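Chemist: My questions are about this predicted structure, shown below with the sequence.
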Amino acid sequence: MNGAEFLYGGAVKAFELIINLDPYVMSITGVSIKVSGTATILAALTAIPLAFALSFLNFRGKQGLITLVNTGMGLPPVFVGLFIYVMLVPAGPLGFLKMILTQEAMILAQYILVTPIIAGISLAAIKAVPGPIIETVYTLGGREKDAVITTLKEAKFGIITAILAGLGRALAEVGAILIVGGNIAETGSIAGIGEGLSRTRTLTTAIVSETSKWDISTALALGIILISLNLSVNLLANFFRGRD
Amino acid sequence: MILISLIAGCVQKIPAGDLTSTTKTAPPPQELVLATTTSTCDTGLLDVLNKKFEETNNVKILTVCEGTGKAIATGELGAADVVMVHAVQAELIAVANGSFINRTYMMYNYFVIIGPENDPAGIKTAKNASDALSKIAARQSQFISRGDESGTYKMEKSIWKAANITPAGTWYQSVGKGMGETIVTANIKEGYTLSDRGTYLSMKDKTDLRILFEADQTYLFNPYHVMAVNPAKFQNVKYDLAIRYINYTTSQQAQDIIRDFGRDKYGEALFTPAIINERR
């Protein structure tokens, strides 16, 4: 088997799958965007208020919470996946939720992974707002509420960058969602010919299983889509970073 | 631009919410979770076998493809309704501890020892499977092991045990991957590995490795069983549907599919039906 020929053939087939909008490949892309997008939105809704609370409020355990956020930024996905798996299986304490092997379980896993990332980067963005600006708000007779609003305006590009960093992480993540989602596709899910669509199969988990089947062209096609998605998220992040 | 059309494509192709909606009159299909081994998935057998069952029973089978060990664990924790696996000892233990019932023999094939065509350890002339592995160990030829909890790895361990060898050293490498990737790794390293016949045949044109040893009735026999998760242990498990599936796998229709699967593509069948070997 000629190496170059094999790679070339794989790449050609990969582009065919993408250009023909192969239903199986598209359904996988759709699940990826839905799961990671939802997880990122939910994480942002938690993380941004959390970052403000940590910046503006004084409460017991605040330092501990900051440590938790910083530790959480580097949580190993496979461990998070395993933890959620044992909680959600029917034999586990949260089995009654019937969430194991569903997209909801995957969203939960990524929510846990992404929240500390968005919180941590947002926290840094808030800290980077120059002190004199906030002082001016108070000097002009503003209250805490006005200081928060001013900070939000000043740090908005940094916070958007934080959300995009979270989305990038979620889209590229594989360890957790593979365990809790099970990489399920319907019967007959074969790229190019099959009709089965993805249930809990994402770009990353499908690359794992297609590689295991040694269907390299499908794995390449999925990889190209994944890289394009992450590239556009990063270009967007760069754009906002530039505005900052 | 490509990206935008991609995303647009996704939105068009995937109806919102569940992908299962069919015609207006038919009730939504039931879902059956099948945890199984990589060899039944990666060969494509289940795509053909399950399709027929889905069509006649208004069911969607959600297949989780993992090694036999993990598939049994998935069932033991109640996350699957039915499992299809190939590790007799582990199956019997799981049945004995009450996790599974209705264990049913559905098909078999043989494990094969594959390796580089020039066969550096000379296993072609081995007397039996343990003799073949002994020769590989004596020659310290590269051996790539699954090293996971798969049925194939369980079989490999029992052959080493029979040979009275604890494989260790730089020649013995454990990869912890599925069968397909293990074959690919063995191909790159020009080493030997143990594979189920089905997965090897389905990858025959993607590898230079050849079958060098096979047909040891004592060690290389590879039976597949289906069994239902015990509803006494998990009330929400779809036991009736699981039983219907188990009955289907041993029906004439399913056994015919198993007997013919792979003949057109690989020139020979990948599995042999366990129950009905004669075409009706």
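Modeler: Sure, I can see it. Residues are numbered from 1 along each chain as shown, chains lettered A, B, ... in the order given.
Chemist: any chance you could map the helices in chain A?
Modeler: Remark: helices assigned in chain A by DSSP state H are A:3-19, A:23-56, A:62-72, A:77-88, A:103-127, A:131-139, A:144-172, A:175-181, A:203-212, A:216-243.
Chemist: Okay, buried residues for the third one please.
Modeler: The neighbour-count criterion (16 or more other CB atoms under 10 Å in any protein chain shown) identifies A:69, A:72 as the buried residues of helix A:62-72. In short, each C-beta sits where N, CA and C put it, glycine included.
Chemist: ok, and what's touching it?
Modeler: The set of residues external to helix A:62-72 that reach it, using CB atoms under 8 Å, 6 or more residues apart in numbering or on different chains, is A:50, A:54, A:112, A:115-117, A:119-120, A:123.
Chemist: Check the model's average confidence along it for me.
Modeler: Per-residue pLDDT values across helix A:62-72 average out to 94.
Chemist: for the first one, same thing?
Modeler: Helix A:3-19 shows a mean pLDDT of 80 in the predicted model.
Chemist: Kindly report the same for the second one.
Modeler: In this model, helix A:23-56 carries a mean pLDDT of 96.
Chemist: give the contact list for the most centrally placed residue in chain A.
Modeler: Centroid check for chain A by CA atoms, centre = their mean gives A:A170 as the closest residue, at 1.8 Å. By CB under 8 Å, 6+ apart, the contact set of A:A170 is A:35-36, A:39-40, A:110, A:113-114.
Chemist: just to revisit the earlier point, which one of the helices of chain A lies nearest to B:Y108?
Modeler: In terms of CB to CB, the element of the helices of chain A nearest to B:Y108 is helix A:203-212, at 22.9 Å.
Chemist: Could you pull up the residues touching the residue in the stretch 101-250 of chain B positioned nearest to chain A?
Modeler: Nearest residue of the stretch 101-250 of chain B to chain A, counting by CB to the nearest CB: B:G178, 3.9 Å away. Applying CB under 8 Å, 6+ apart to B:G178 gives the contacts A:212, B:38, B:42, B:67, B:146, B:148, B:150.
Chemist: Show me which of these is closest to B:F234.
Modeler: Closest approach between those and B:F234, by CB to CB: B:G67, at 21.6 Å.
Chemist: What count of nearby residues applies to the closest one?
Modeler: By other CB atoms under 10 Å in any protein chain shown, 26 other residues sit near B:G67.
Chemist: Now do whatever residue of chain B ends up closest to chain A against B:N230, distance only.
Modeler: Residue nearest to chain A within chain B (CB to the nearest CB): B:G78, separated by 3.0 Å. According to CB to CB, to the nearest Å, B:G78 stands 9 Å off from B:N230.
Chemist: what sits in contact with each of those two?
Modeler: Residues touching both B:G78 and B:N230 (CB under 8 Å, 6+ apart): B:V237.
Chemist: Restricting to C-alpha, output the helix or strand of chain A with the lowest mean pLDDT in PDB.
Modeler: Within chain A, judged by mean pLDDT, DSSP states H and E, the helix or strand with the poorest mean is helix A:3-19; its value is a mean of 80. Presented in PDB, the C-alpha positions along helix A:3-19 are these (Å, rounded to 0.1, in the frame of the first residue of the first chain):
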ATOM      1  CA  GLY A   3       1.500   5.800   1.600                       C
ATOM      2  CA  ALA A   4       1.100   9.000  -0.400                       C
ATOM      3  CA  GLU A   5      -1.600   7.400  -2.600                       C
ATOM      4  CA  PHE A   6      -3.500   6.300   0.400                       C
ATOM      5  CA  LEU A   7      -3.400   9.700   2.000                       C
ATOM      6  CA  TYR A   8      -4.400  11.400  -1.200                       C
ATOM      7  CA  GLY A   9      -7.300   9.100  -1.700                       C
ATOM      8  CA  GLY A  10      -8.400   9.700   1.800                       C
ATOM      9  CA  ALA A  11      -8.300  13.400   1.400                       C
ATOM     10  CA  VAL A  12     -10.200  13.400  -1.900                       C
ATOM     11  CA  LYS A  13     -13.000  11.300  -0.300                       C
ATOM     12  CA  ALA A  14     -13.000  13.500   2.700                       C
ATOM     13  CA  PHE A  15     -13.700  16.600   0.600                       C
ATOM     14  CA  GLU A  16     -16.400  14.700  -1.300                       C
ATOM     15  CA  LEU A  17     -18.100  13.900   2.000                       C
ATOM     16  CA  ILE A  18     -18.000  17.600   3.000                       C
ATOM     17  CA  ILE A  19     -19.000  19.100  -0.400                       C
END
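Chemist: packing partners for it?
Modeler: With contacts defined as 3 or more CB pairs under 8 Å, 6 or more residues apart in numbering or on different chains; DSSP states H and E, helix A:3-19 has these neighbours: helix A:216-243.
Chemist: quick one: the helix it packs on near chain B?
Modeler: Yes. Interface with chain B: helix A:216-243 contributes A:225, A:228-229, A:232 (CB under 8 Å from any CB of the partner chain).
Chemist: Alongside chain A, which residues does the stretch 101-250 of chain B contribute?
Modeler: Neighbours of chain A within the stretch 101-250 of chain B, by CB under 8 Å from any CB: B:177-181, B:183-184, B:203, B:206, B:208, B:234, B:236-237.
Chemist: Could you tell me which of the residues you listed belong to helices?
Modeler: Mapping those onto helices (DSSP H) picks out B:179-181, B:183-184.
Chemist: Most neighbours among these, which one is it?
Modeler: Highest neighbour count within these: B:M179, with 31 neighbours (other CB under 10 Å).
Chemist: ok, which stretches of chain B are helices?
Modeler: Counting by DSSP H, chain B has helices at residues B:2-13, B:38-42, B:45-57, B:68-76, B:88-96, B:129-139, B:151-162, B:179-189, B:197-202, B:239-249, B:252-260, B:263-266.
Chemist: Quick one: mean pLDDT over the second one.
Modeler: Regarding helix B:38-42, the rounded mean pLDDT is 88.
Chemist: So what's the gap between that helix and the chain middle?
Modeler: Between the centre of helix B:38-42 and the centre of its chain there are 4 Å (CA atoms, centre = their mean, to the nearest Å).
Chemist: In CSV, list the C-alpha atoms belonging to that helix.
Modeler: Presented in CSV, the C-alpha positions along helix B:38-42 are these (Å, rounded to 0.1, in the frame of the first residue of the first chain):
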residue,chain,number,x,y,z
THR,B,38,-15.9,-3.5,18.6
SER,B,39,-15.7,-6.5,16.4
THR,B,40,-19.5,-6.6,15.7
CYS,B,41,-19.6,-2.9,15.1
ASP,B,42,-16.4,-2.3,13.1
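Chemist: list the contacts for the closest residue to chain B within chain A?
Modeler: Chain B sits closest to A:P90 of chain A, with a gap of 3.0 Å, by CB to the nearest CB. Contact analysis of A:P90 by CB under 8 Å, 6+ apart lists A:98, A:100, B:77-79, B:234, B:236-237.
Chemist: Right, I'll call it a day here.
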